[in-house]
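>>> show me how the following folds:
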Amino acid sequence: MSNDGEQYFTSSPTSPHDYQNIEYQIKGKKFQFVSDSGVFSRSRVDYGTNVLLNTYLDTDILAEKILDLGTGYGVVGTVINRLTDAQVDMVDVNQRAIDLANKNLVNNNAKGNAYLSNIYENTSDDYDVILVNPPIRAGKDVVTTMLVESIQHLKVGGQIFVVIQKKQGEPSARKNLEKTFGNVDILQRDKGYYILRSIKNG
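Prediction:
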């Protein structure tokens with residue numbers, strides 16, 4: 001949420017621009033991101049996003065096509081493309097976030113497809129991996145939709161990785177993933193953040 005009270009999941013933010021430069025380092029690689037008012041975690045890379053990226057990058061998954069769901073200004077998709085060369089779709093409901101994500105891809109010599117989508121509305125149905133740091137403030141219905149409808153957009157054997165704090169709905173998210181996929185693993189716990197993973201089997 002921006003300082004003026006406008007929510008980061010607003011489709012067309014109207015708050016005055018307030019660009020910020022963010023330095024981020026992961027796995028020995030340095031990144032430079034530009035953020036703005038009206039987008040999520042505009043002053044720094046969110047701790048949960050950092051845990052999500054490190055956990056995913058520590059796996060041995062060889063994904064060819066990845067969805068960065070709720071990309072914000074593009075941290076996850078940019079990092080994943082640079083470090084793995086996977087094809088990455090980066091979607092968000094926030095036009096300002098998408099504009100920033102496209103700039104950040106260029107600024108970091110990364111490639112990705114950043115475009116507007118209300119959750120899965122404009123996405124494909126054949127991803128190897130979906131990565132999501134759900135927008136808790138958008139409400140439980142939005143978060144639940146992101147989780148339970150993900151199975152329709154994964155290949156058989158595809159996986160969803162979710163970062164969520166226990167106090168912000170991790171138990172409920174875990175139950176929804178278990179019910180939808182028939183499986184869920186807790187891959188990481190870090191300062192109240194949980195990384196949940198479910199796999200589409202058959």
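>>> for Gly192, give me its contacts.
By Cβ atoms under 8 Å, 6 or more residues apart in numbering, Gly192 lies in contact with 165-167. Placement of C-beta: from N, CA and C, glycine included.
>>> among these, which are in strands?
Secondary structure from DSSP state E places Gln165 of the contacts of Gly192 in strands.
>>> buried ones among the contacts of Gly192?
For the contacts of Gly192, a burial check counting by 16 or more other Cβ atoms under 10 Å picks out nothing.
>>> what mean pLDDT does whichever strand or helix holds Ile80 get?
Here Ile80, judged by DSSP states H and E, is contained in helix 75-84. Mean pLDDT, helix 75-84: 97.
>>> in the chain, which spans are helices?
Using DSSP state H, the helices found in the chain span residues 47-57, 75-84, 95-107, 140-148, 170-181.
>>> as CSV, the ones you listed with distance to Phe31 and mean neighbour count would be great.
What follows is those, written out as CSV (distance: least, Cβ to Cβ, whole Å; neighbours: other Cβ atoms under 10 Å):
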stretch, distance to Phe31, mean neighbour count
helix 47-57, 11, 20
helix 75-84, 6, 24
helix 95-107, 8, 21
helix 140-148, 25, 18
helix 170-181, 27, 17
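>>> I'd like these as a markdown table, with distance to Ile195 appended.
Output for the helices of the chain, formatted as a markdown table (distance: least, Cβ to Cβ, whole Å):
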| stretch | distance to Ile195 |
| --- | --- |
| helix 47-57 | 5 |
| helix 75-84 | 13 |
| helix 95-107 | 22 |
| helix 140-148 | 14 |
| helix 170-181 | 10 |
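>>> quick one: low-confidence ranges for this structure?
Judged by pLDDT under 70, the chain has its weakly predicted residues at 1-16, 37-38, 40-43.
>>> residue nearest the centroid of this protein?
Central residue of the chain (Cα atoms, centre = their mean): Val132, 3.6 Å from the mean position.
>>> that one against Ala173, yeah?
No: applying Cβ atoms under 8 Å, one finds Val132 not in contact with Ala173, separated by 10.1 Å.
>>> shared neighbours, these two?
By Cβ under 8 Å, 6+ apart, the residues touching both Val132 and Ala173 are 147, 162.
>>> got the contact list for Asp68?
74, 76-77, 80, 88-91, 112, 131-132.
>>> from Thr123, how far off is Pro135?
Remark: distance between Pro135 and Thr123 (Cβ to Cβ, to the nearest Å) = 16 Å.
>>> now do Val91
6 Å.
>>> list the residues that contact both of these two?
Common neighbours of Val91 and Thr123, counting by Cβ under 8 Å, 6+ apart, are 67, 69, 117.
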